[in-house]
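Visitor: what follows is a predicted structure for the sequence shown.
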Amino acid sequence: MPQDAQLIYLPYWRFKGVRYMCTASGVTPRFTDISTLAVADMPPQIPFSLGLRPQAMPMKLIRPDTQGKFFRPLPSAMVLKGKTFDLKQAKHTFQEDIGETFSLIYSPFYIRQQHLVDGVLNQALPLEKQIPPGGFDLDQVHPGIETHFIAGICPGCGADLEGSGDSLVLVCRNCHSLWRAKEEKLAKIKFKTAAPDHKDDIMVPFWRISAKISPINLSSHADLARMANLPLAIPREWEKKPVHFWSPAFKVRPNIFLRLLGQLTSTQLEPALSHTVEDNLYQPINLPASEAIQTIRITISALLKPRKEILEILPRIDVAPQNVSLIFLPFKSSGHDITHPDLGIGINKKALALSDNL
């Protein structure tokens with residue numbers, strides 16, 4: 001790319017997520033990663049998609065001093081409408097998209113001798129009309145300036161908040177509170193913690209959801225045990241014990257995610273809980289509660305029997321959340337895995353470390 005090139009950045013909306021296909025044979029995940037040009041009425045020679053570039057090439061954040069012309073994108077809902085559902089839903093299947101991430105990518109172009117040149121490949125696009133010296137007549141934006149940041153300082157006590165770059169929740173160890181971004185401020189959220197046995201234990205976040213499920217009767221632990229055909233004698237007290245659906249509050253490989261959904265929900269764990277922020281390491285929270293609620297139908301499809309009959313009514317099942325709690329469970333760190341000894345659940349450390357790529 002010439003050093004004196006005047007860069008023009010065209011916006012693309014990127015959608016990433018995992019689609020879970022529920023069929024009579026089980027639940028099958030499929031990863032989705034697409035990008036779409038976010039401005040209208042462009043010449044057809046301009047790439048409609050970035051293809052594999054977002055996955056194969058490193059990207060960097062736009063800074064206030066980044067030079068070039070940036071064009072304002074159309075709303076993501078308008079651009080991606082229908083694009084994320086390009087996989088036709090076959091008969092006797094149900095599908096749910098979990099962990100969707102929308103991001104805005106600006107791809108560089110520049111004008112050379114009145115021809116538009118791809119700034120990545122340094123190849124001119126074969127446009128029918130030459131580009132005028134002023135470039136495109138589009139509404140410009142200044143993303144490096146117009147982007148708003150929230151200081152990572154606890155509104156409750158003024159201490160520094162902790163959290164990774166992809167975390168939706170920040171931790172204050174000073175006043176034992178958790179905070180999330182809400183509009184242009186930080187809002188306090190409720191949480192509960194199961195006490196760790198050791199200082200090296202890792203606090204892993206989960207969403208615990210109670211919900212009214214209709215038209216099927218799934219209101220108690222006993223209902224779940226019967227409909228899941230669990231190989232055990234159902235205690236009488238389970239008839240009055242409400243059922244909770246569990247979901248990881250973090251992204252992880254789909255096969256591990258599915259396993260955790262089933263294991264935690266079928267176990268109906270009831271640990272002793274407090275409102276304490278422990279001194280241990282906290283696994284980042286990057287799956288919101290709204291996404292966790294969407295996993296309930298997937299869990300129903302995976303656990304309940306007979307699966308064919310459940311699948312037929314799955315699209316008509318209504319899930320009305322009653323209560324959503326953020327629960328931290330301590331996992332022991334050992335070798336390549338972290339494990340919960342009471343549940344017999346293990347998660348590969350490398351899978352957790354790569355979760356920010358999902």
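Guide: Looks like it arrived, so ask away. Numbering: from 1, shown residues only.
Visitor: where do the helices sit along the stretch 51-200 of the chain?
Guide: 53-56, 76-79, 143-146 (DSSP state H, counting those that start in this stretch).
Visitor: adding mean pLDDT, mean neighbour count and distance to Ile296, write these out as TSV.
Guide: Heads up, the C-betas are built off the backbone N, CA and C, glycines and all. As requested, these are exported to TSV (pLDDT from 0 to 100; neighbours: other CB atoms under 10 Å; distance: least, CB to CB, whole Å):
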stretch	mean pLDDT	mean neighbour count	distance to Ile296
helix 53-56	90	14	30
helix 76-79	80	14	24
helix 143-146	75	13	36
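Visitor: so which of those helices is nearest Arg19?
Guide: Between Arg19 and the helices of the stretch 51-200 of the chain, the tightest spacing by CB to CB is seen for helix 53-56, at 16.9 Å.
Visitor: put the alpha carbons of that closest one into CSV.
Guide: Extracted C-alpha coordinates of helix 53-56, given in CSV (Å, rounded to 0.1, in the frame of the first residue of the first chain):
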residue,chain,number,x,y,z
ARG,A,53,-10.3,-12.4,6.5
PRO,A,54,-11.7,-11.8,10.0
GLN,A,55,-10.7,-15.3,11.0
ALA,A,56,-7.3,-15.4,9.3
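Visitor: what's in contact with it?
Guide: Arg14, Asp33, Ser35, Ile105, Ser107, Val120 (CB atoms under 8 Å, 6 or more residues apart in numbering).
Visitor: per-residue pLDDT, the residue of the chain most remote from its centre?
Guide: What lies farthest from the middle of the chain is Gln113; by CA atoms, centre = their mean that is 43.6 Å. Per-residue confidence (pLDDT) for Gln113: 83.
Visitor: ok, now how distant is it from His340?
Guide: Using CB to CB, to the nearest Å, Gln113 is found at 64 Å from His340.
Visitor: what's the closest non-adjacent residue to Gln6?
Guide: Spatial nearest neighbour of Gln6, excluding adjacent residues (CB to CB, 6 or more residues apart in numbering): Tyr110 at 6.0 Å.
Visitor: before we move on, what about Leu168?
Guide: Using CB to CB, 6+ apart, the closest residue to Leu168 is Ile285 (5.2 Å).
Visitor: check contacts around the one you found.
Guide: Ile285 touches Ser167, Leu168, Val169, Pro205, Ala249, Phe250, Leu326, counting by CB under 8 Å, 6+ apart.
Visitor: residue nearest the centroid of this structure?
Guide: Gly99 (2.8 Å).
Visitor: check contacts around that one.
Guide: Lys16, Gly17, Val18, Lys251, Leu287, Glu291, Leu358.
Visitor: per-residue pLDDT, it?
Guide: pLDDT, read off for Gly99, is 85.
Visitor: what do you get for Phe257?
Guide: Reported pLDDT for Phe257: 94.
Visitor: what comes up buried for the helix or strand harbouring it?
Guide: According to DSSP states H and E, Phe257 maps onto helix 254-267. Neighbour-count burial for helix 254-267 flags Pro254, Ile256, Phe257, Leu258, Arg259, Leu260, Leu261, Gly262, Leu264, Thr265, Ser266 (criterion: 16 or more other CB atoms under 10 Å).
Visitor: next SSE after it?
Guide: strand 273-274.
Visitor: packing partners of that following strand?
Guide: Packing contacts for strand 273-274, counted by 3 or more CB pairs under 8 Å, 6 or more residues apart in numbering; DSSP states H and E, involve strand 192-194.
Visitor: what about the strand it packs on, distance to the chain center?
Guide: Computed by CA atoms, centre = their mean, to the nearest Å, the chain-centroid distance of strand 192-194 equals 23 Å.
Visitor: okay, how far is it across stretch 138-154, tip to tip?
Guide: 40 Å (CA to CA, to the nearest Å).
Visitor: chain center to that stretch: distance?
Guide: Per CA atoms, centre = their mean, the centroid offset for stretch 138-154 relative to its chain is 22 Å.
Visitor: can you list the strands that the helix or strand hosting Ile209 pairs with?
Guide: Assigned by DSSP H and E, Ile209 belongs to strand 202-214. If you go by DSSP bridges, strand 202-214 pairs up with strand 245-248 (antiparallel), strand 281-282 (parallel), strand 318-334 (antiparallel).
Visitor: hmm, who's touching the helix or strand following the shortest one?
Guide: Translated: strand 281-282. Downstream of strand 281-282, the first helix or strand assigned by DSSP H and E is helix 289-303. For helix 289-303, contacts defined as CB under 8 Å, 6+ apart pick out 20, 22, 26-27, 94, 96-100, 207, 209, 211, 213, 216, 218, 224, 227-228, 245, 247-249, 258, 261-262, 265-266, 307, 310-311, 314, 317, 319, 321, 324, 326.
Visitor: how far does helix 289-303 sit from the chain's center?
Guide: 14 Å.
Visitor: pLDDT of it, averaged?
Guide: Helix 289-303 comes out at a mean pLDDT of 95.
Visitor: give me the below-cutoff pLDDT ranges for this structure.
Guide: Residues of the chain that meet the criterion pLDDT under 70 lie in 1, 81-92, 132-136, 356-358.
Visitor: what angle do the longest strand seen in it and helix 254-267 make?
Guide: Within the chain, and with DSSP state E defining each element, the longest strand by residue count is strand 94-112. If you take axes from the mean of the first three to the mean of the last three CA atoms, to 10 degrees, strand 94-112 sits at 150 degrees to helix 254-267.
Visitor: that concludes my questions; thank you for your assistance.
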